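[1] give me a model of this one.
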Amino acid sequence: MIARELQDYCGRTAKCRAFTFRHEGGACFSVIRHTVETGSESRYEAWLKQVTPIAQTFPGHSGVNFIRPPKGSRSYTTVLHFDTIEHLDGWVLSDARKRLLAEIEPYLEGGDQVENTTGR
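    Residues are numbered from 1 along each chain as shown. Coordinates of the predicted model:
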């Protein structure tokens, strides 16, 4: 369901033209949604810049896409691509991600919403 929603959104939004859902072998992705408190958008954007290079150091990381909220919304969507579900879980369940998430959670409405999907 989430993949279809993102594909529909990307089909309507020029910002997503590079967005693809091609998966080969055991490739998978994680869709992470965060709704940011009003006034905390710049803090969240800075946090994303901090998290991305750390996630890229984890085994199997093969890309990331950010979908910024449309005008009037504060819901960000991040799609992380990994080569296997085991490598994806290595990042999602890592102490590094937990520590980083703890820094931004006070500025999120509804917490950290994560859905992992394989390309199979």
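[2] can you give me the helices in the protein?
    Remark: helices assigned in the chain by DSSP state H are 2-12, 41-55, 85-92, 95-104.
[3] looking at these, which is buried most?
    Comparing the helices of the chain by mean neighbour count (mean count of other CB atoms under 10 Å), helix 85-92 ranks first with a mean of 18. (Each C-beta comes from the backbone N, C-alpha and C, glycine too.)
[4] helix or strand with the lowest mean pLDDT in the protein?
    helix 2-12 (a mean of 44; mean pLDDT, DSSP states H and E).
[5] quick check: bridge partners of the residue nearest the centre of the chain?
    Nearest to the mean C-alpha position of the chain, counting by CA atoms, centre = their mean, stands Thr78 at 2.2 Å. Taking DSSP bridges, one obtains Ile32, Phe66 as the residues bridged to Thr78.
[6] next one, pLDDT for it please.
    Thr78 is assigned a pLDDT of 89 by the prediction.
[7] for it, what are its contacts?
    With contact set as CB atoms under 8 Å, 6 or more residues apart in numbering, Thr78 has these partners: Val31, Ile32, Arg33, His34, Leu48, Val64, Asn65, Phe66, Ile67.
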